[in-house]
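S.K.: I'd like to go over a predicted model; first the sequence, then the structure.
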Amino acid sequence: MSYRIPGDDEVREMIVKVMQVNRIVESQAQLLREVLEHLRVRNPEYKLTGKRVRRIALTIPEIKVEIRCKETDEEVTEMKKCPVCGSKMERLENLTLEGRKITVGFRCTFCPYWTGKKLRVPTRYIFRLR
């Protein structure tokens, strides 16, 4: 059983095509299904993951990715990579009344993901055409 992996440009083209038809896609799984459907017209052996579709969609300026999260009880002391896109996270700091810096959370340097001291876990991605 063989398979082929489409290039980023080809995937990007199909994401835009799907979004122009639908305007809003309510989940990563739905976007993956529809993009794969269009890609397999070109080559039925194409395979693709939802994570790759999401990461490529984040790079397309015409598409806004909304991230729905659930807050957990887990405390975050350090976060280096974004769970959504894999980019670097930066500390969100604040000054106390005594003048000390404290970390109040983390923010992705690329996508809209952020978390406070309690870990926010992404649960749903909504894709909108701008």
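M.R.: Thanks, I have it.
S.K.: going forward, measure contacts and count neighbours with C-alpha atoms only.
M.R.: Noted.
S.K.: Roughly how far does the residue nearest the centre of the chain sit from residue 22?
M.R.: Centroid-nearest residue in the chain, with C-alpha atoms, centre = their mean: residue 84, separated by 4.2 Å. From residue 84 over to residue 22 the distance is 23 Å, taken as C-alpha to C-alpha, to the nearest Å.
S.K.: Residue 56 now?
M.R.: In this view, residue 56 and residue 22 are 18 Å apart by C-alpha to C-alpha.
S.K.: quick one: furthest residue from the center of this protein?
M.R.: residue 98 (37.8 Å).
S.K.: For residue 33, report the pLDDT, please.
M.R.: pLDDT recorded at residue 33 is 98.
S.K.: Just confirm it is within a helix.
M.R.: Yes - assessed by DSSP: H, G, I helix; E, B strand; the rest coil, residue 33 belongs to a helix.
S.K.: Contact partners for residue 12?
M.R.: Counting by C-alpha atoms under 8 Å, 6 or more residues apart in numbering, residue 12 touches 56, 57, 60.
S.K.: before we move on, which element is the spatially closest residue to the first one that is not a sequence neighbour in?
M.R.: The one in question is residue 56. Once flanking residues are discounted, residue 56 sits nearest to residue 12: 6.5 Å by C-alpha to C-alpha, 6 or more residues apart in numbering. Secondary structure assignment for residue 12, by DSSP states H and E: helix 8-22.
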